[in-house]
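[1] Coordinates for the following, if possible.
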Amino acid sequence: MKNFFKKSAKKVIQRIFDIEYNNDTYNKKCNLYKNEILSQVEQRRLFIYYQQLVSEKKYLPSIKDVGFRVFSQTDEDGILLYIFALIGTTNKLCLDLAFISPFESNTANLLCNWGWTGILICADQEEIAAINYFFEKHPDTYINPPQVVKKFITSENINSTLKENKLSGEIDLFSLDIDGVDYWIWKSLEIVQPRVIIVEFNNIWGKLRAVTVPYSPDFARFKIAEDFYGASLPAFIKLASEKGYRLVGCNKNLFNAFFVKNGIADDILPTLSIDDCFAMYIQARSYQDKLYSRLQKVKDLNWQDV
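    Purely as a prediction, here's the structure:
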């Protein structure tokens, strides 16, 4: 009987991961699958623990202490888990611009381990093929994979693109990281109303100025300079305030910011100032020197104050 179940398990693993069977590959894939299951269990324990703290009105940990990485680039997965444990979810829908790979993404953990779905927008056909393959083969998303849309997003087409793909109204999460005219894309977004937004900011500016690159529908950072892209955190804080959102945290390397819609859990997820966020993490002097050096190369380019 044991041999029967062992052989059956091998067939299941082979089918899930589309592999040719050999002992080394089989063991690696089994370990990967086992680790994902363990991750799901531990994440749920943590999620419930945060909810218990809220219900019992006990002290909540600082947002700087809750981060961890499953799929995300740094500690974004843990911060998002914490935020949604505190504020709950409505429809578990996400919008991700621009999704390149499940690895180092802000939404893959929610999609794979928390039953979320949504729209991932990518402009590259080869990347789209790899993304679709991943979610169609993953044991937790193959039945209901996220929708992957091929589109180069601009301020002019963001709303029409989402309307064409039947995404509108309230969603739980919007992730924005296009390394370009991010500020202008968010400013133009109207068709969806995210409860939580995570956006990558250009951290070379630190707390100095509220600036963004000027808008151009065909903006390409590398045609100008590698560090001429996006917007500073002060710029995004201003835009967030105009749209009814508050800053609640940053990732540990200070390039992703988390915003929550005003009126949602204001008492347990208070607004953080930009000074609060930067004070949470003491960056090495060498890192600060690198940011300063990068800023000097582009600070006199055509940045637009907002």
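
[2] Quick check: pLDDT value at the residue nearest the centre of the chain.
    Nearest to the mean C-alpha position of the chain, by Cα atoms, centre = their mean, lies residue 106 at 2.4 Å. We have a pLDDT of 98 for residue 106.

[3] please renumber so the chain begins at 13
    In the new count, where the first residue is 13, that last one comes out as residue 118.

[4] Which of the helices or strands spans it?
    Element membership for residue 118, per DSSP states H and E: none, as it lies in no helix or strand.

[5] how about the nearest residue to it, chain neighbours excluded?
    Spatial nearest neighbour of residue 118, chain neighbours left out: residue 187 (4.2 Å); criterion: Cβ to Cβ, 6 or more residues apart in numbering. Any C-beta I mention is one placed from the backbone N, CA and C, and that applies to glycine too.

[6] show me where this protein has strands.
    Secondary structure of the chain (DSSP state E): strands at 105-109, 129-134, 159-162, 181-188, 204-212, 223-224, 257-262, 268-273, 316-317.

[7] quick one: strands adjacent to the first one?
    Read it as strand 105-109. strand 129-134 (parallel), strand 181-188 (parallel) (DSSP bridges).

[8] hey, which of those strands is tucked in deepest?
    For these, the largest average neighbour count (mean count of other Cβ atoms under 10 Å) is found in strand 129-134, namely a mean of 22.

[9] Contacts for it next, please.
    By Cβ atoms under 8 Å, 6 or more residues apart in numbering, the residues outside strand 129-134 that reach it are 104-112, 119, 123, 140, 143, 156-163, 165, 173-174, 177, 179, 183, 185.

[10] Between strand 204-212 and it, find me the angle.
    Using axes from the mean of the first three to the mean of the last three Cα atoms, to 10 degrees, the direction of strand 129-134 lies 50 degrees away from that of strand 204-212.

[11] Strand 129-134: how far from the chain's middle?
    12 Å (Cα atoms, centre = their mean, to the nearest Å).

[12] Against residue 255, how distant is the residue nearest to the centre of the chain?
    19 Å (Cβ to Cβ, to the nearest Å).

[13] repeat for residue 238
    Distance from residue 238 to residue 255, by Cβ to Cβ: 29 Å.

[14] just residue 281 next, same as before
    Residue 281 is 17 Å from residue 255, by Cβ to Cβ.

[15] The two: who's more crowded?
    More crowded of residue 281 and residue 255, by other Cβ atoms under 10 Å: residue 281, with 20 against 17.

[16] List the contacts of the nearest residue to residue 74 once chain neighbours are set aside.
    Distances taken as Cβ to Cβ, 6+ apart place residue 292 nearest to residue 74, at 7.2 Å, with adjacent residues excluded. With contact set as Cβ under 8 Å, 6+ apart, residue 292 has these partners: 74-76, 261-262.

[17] Just the buried ones from these?
    Neighbour-count burial (16 or more other Cβ atoms under 10 Å) is assigned, among these, to 75-76, 261-262.

[18] between these, which is nearest residue 227?
    Relative to residue 227, the closest of the buried ones among the contacts of residue 292 is residue 262; by Cβ to Cβ it sits at 24.9 Å.

[19] What is the burial count for the nearest residue to the closest one once chain neighbours are set aside?
    Setting aside the residues directly before and after it, residue 262 is nearest to residue 289 in space (Cβ to Cβ, 6+ apart), at 4.4 Å. Residues lying near residue 289 (other Cβ under 10 Å) number 22.

[20] repeat for the one 4 residues further on
    When neighbours are defined as other Cβ under 10 Å, residue 293 has 12 of them.

[21] For it, give its distance to residue 76.
    7 Å.

[22] what pLDDT, on average, does stretch 191-204 get?
    Rounded mean pLDDT across stretch 191-204 is 98.

[23] tell me which residues in it are buried?
    Result for stretch 191-204 [16+ other Cβ under 10 Å]: buried residues 192-201, 204.

[24] Thank you, goodbye.
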